[in-house]
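Trainee: just coords:
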Ligand SMILES: [Zn+2]
C-alpha cells in the first residue's frame, strides 16, 4: 500500500508523533486585531492552552516516557514563558510556528522572511538554539517558504500533506525533510466551536475522534507509515479529551513495535538513512507551478470563478 516504506528503527512498524501547536491567543489577535482584547471568553478558551493544558500534556507524556514536539508562535513563547519552561524541562522539542501565527502565503516574500527571522531571534534568546523544524500557521506554506527555511538552516517542515511517509522538498536553493500529516489527524474538525472564529463543528465525543486517529494509526502500523497528530492544547488538552488520548497512547503501547519520537529525531533519522543509502525518500520539487495555470486565464472568468 505504501510504495516506499521506511525501515523504522529497531524493527518498528511505524513512527508516531503527538505534536501540539500551542497557538494560545495569537490567533485571536490575528483574526480580530482591534477587538481581541474585548473578546474575553474566546481569550480564556485559548489561554487554557498554555496555562492548564500544556502542563497536563507534559505530565501525560512523562507518564508514558515520551518526548514529543510542540510548535509555538514565537509571540506565544514571549507571552507564556512558563509554558516554554515546562515543555523544555519535559525533554520536548519546541519548533517554529510563525511569530504571531501570520499566514506565510498571504505575505510578500520579504515580510514572510521578516517574521520568520523575528521568531528565530526569540528561539535563540529563550532556548539558546535555533529551531530545527517549522510548521506554517494554518498550513499556509507559501511559494517562498522552502527557500527561507533552507537559508535559515531548518532541517524539516511539518506543514504539508503529500505522502504517508517522510519525503524531501527541493528547489534551486536546497532541500528540507517534509514530515507530512493531514486533516484527519488535526483536532479542529473534531472539536473546534467558536463564534469568534465563525467556526462551528459538531463536537465529537472524545472517543469518537479517537476512533479516527486510531484507524489512521492502525493503517500506518500495518503499512509502515508516519502518524503525526496536529493537535492544539486548548482543544485536545481539555480534560475528557486528555483521558481519551491517554487511552489511545496505551493502545499504541500495547500494540507495540511503535517508534514514538520527536519530529527532529524523525528528520535526523531520515537524513541518516538517506546519507547511508539505506532508504531513498521521494522528492517533491517546489513550487508545483510557476503561477496560475494558463488554461484558466482571464479570458475565462466564468470557469475560473
Ligand atoms: Zn497554529
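Mentor: Arrived safely, thanks for sending. Keep in mind it's a predicted model, so treat the numbers as computed, not measured.

Trainee: measure residue 36 to the ion for me?
Mentor: Using C-beta to the ion, to the nearest Å, we find residue 36 at a distance of 16 Å from the ion. Bear in mind the C-beta positions are built from the backbone N, C-alpha and C, glycine included.

Trainee: just the pLDDT for residue 290.
Mentor: We have a pLDDT of 89 for residue 290.

Trainee: now do the SS call for it.
Mentor: coil (DSSP: H, G, I helix; E, B strand; the rest coil).

Trainee: tell me, how many residues neighbour it?
Mentor: A count of neighbours around residue 290, defined by other C-beta atoms under 10 Å, yields 7.

Trainee: can you name the residues that contact it?
Mentor: Shown in contact with residue 290 (C-beta atoms under 8 Å, 6 or more residues apart in numbering): no residues.

Trainee: same question for residue 249.
Mentor: Per C-beta under 8 Å, 6+ apart, neighbours of residue 249: 18, 60, 64, 66.

Trainee: count the residues that sit near the second one.
Mentor: The one in question is residue 60. Neighbours around residue 60, by other C-beta under 10 Å: 20.

Trainee: ok, now the third one?
Mentor: By the other C-beta under 10 Å criterion, the neighbourhood of residue 64 contains 14 residues.

Trainee: how about the nearest residue to it, chain neighbours excluded?
Mentor: residue 249 (5.4 Å; C-beta to C-beta, 6 or more residues apart in numbering).

Trainee: restricted to strands, list the contacts of residue 249.
Mentor: Among the contacts of residue 249, the ones falling in strands (DSSP state E) are residue 18.

Trainee: which one of the contacts of residue 249 is nearest the ion?
Mentor: Closest approach between the contacts of residue 249 and the ion, by C-beta to the ion: residue 18, at 15.4 Å.

Trainee: you'd agree that closest one is up against residue 70?
Mentor: No. Assessed by C-beta atoms under 8 Å, residue 18 is found out of contact with residue 70, at 9.9 Å.

Trainee: can you give me the buried ones in whichever strand or helix holds residue 48?
Mentor: Residue 48 is part of helix 40-48, with elements assigned from DSSP states H and E. For helix 40-48, the neighbour count (16 or more other C-beta atoms under 10 Å) marks 42-43, 45-48 as buried.

Trainee: contacts (any at all) between the ion and that helix?
Mentor: No. Helix 40-48 is not in contact with the ion by C-beta under 5 Å from the ion; minimum separation 11.0 Å.

Trainee: for that helix, which helices and strands make contact with it?
Mentor: If you count contacts as 3 or more C-beta pairs under 8 Å, 6 or more residues apart in numbering; DSSP states H and E, helix 40-48 packs onto helix 26-31, helix 233-236.

Trainee: of all these, which one comes closest to the ion?
Mentor: helix 26-31 (6.7 Å).

Trainee: residues contacting the closest one, please?
Mentor: By C-beta under 8 Å, 6+ apart, helix 26-31 touches 36, 39, 42-43, 46, 73, 75-76, 98, 100-102, 196-197.

Trainee: one step back: tabulate the helices and strands packed on helix 40-48 (a markdown table), appending mean pLDDT, distance to the ion and mean neighbour count.
Mentor: Putting the helices and strands packed on helix 40-48 into a markdown table (pLDDT from 0 to 100; distance: least, C-beta to the ion, whole Å; neighbours: other C-beta atoms under 10 Å) gives the following:
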| stretch | mean pLDDT | distance to the ion | mean neighbour count |
| --- | --- | --- | --- |
| helix 26-31 | 96 | 7 | 21 |
| helix 233-236 | 98 | 11 | 27 |
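
Trainee: out of those helices, the one nearest residue 153 is which?
Mentor: Counting by C-beta to C-beta, residue 153 lies closest to helix 26-31 out of the helices and strands packed on helix 40-48; the figure is 23.9 Å.

Trainee: now the closest one: how far from the chain's centre is it?
Mentor: 18 Å (C-alpha atoms, centre = their mean, to the nearest Å).

Trainee: with stretch 153-165 instead?
Mentor: 9 Å.

Trainee: and what of stretch 162-169?
Mentor: The answer for stretch 162-169 is 14 Å, by C-alpha atoms, centre = their mean.

Trainee: ok, residue 144 touching residue 106?
Mentor: No. With contacts counted by C-beta under 8 Å, residue 144 stays clear of residue 106, the gap being 11.8 Å.

Trainee: pick out whichever of these two has more residues nearby.
Mentor: More crowded of residue 144 and residue 106, by other C-beta under 10 Å: residue 144, with 22 against 11.

Trainee: the helices in this structure, which residues?
Mentor: With DSSP state H as the criterion, the chain has helices at 26-31, 40-48, 54-64, 74-79, 81-89, 109-127, 145-151, 188-191, 206-223, 233-236, 239-255, 263-276, 301-304.

Trainee: alright, calling it a day.
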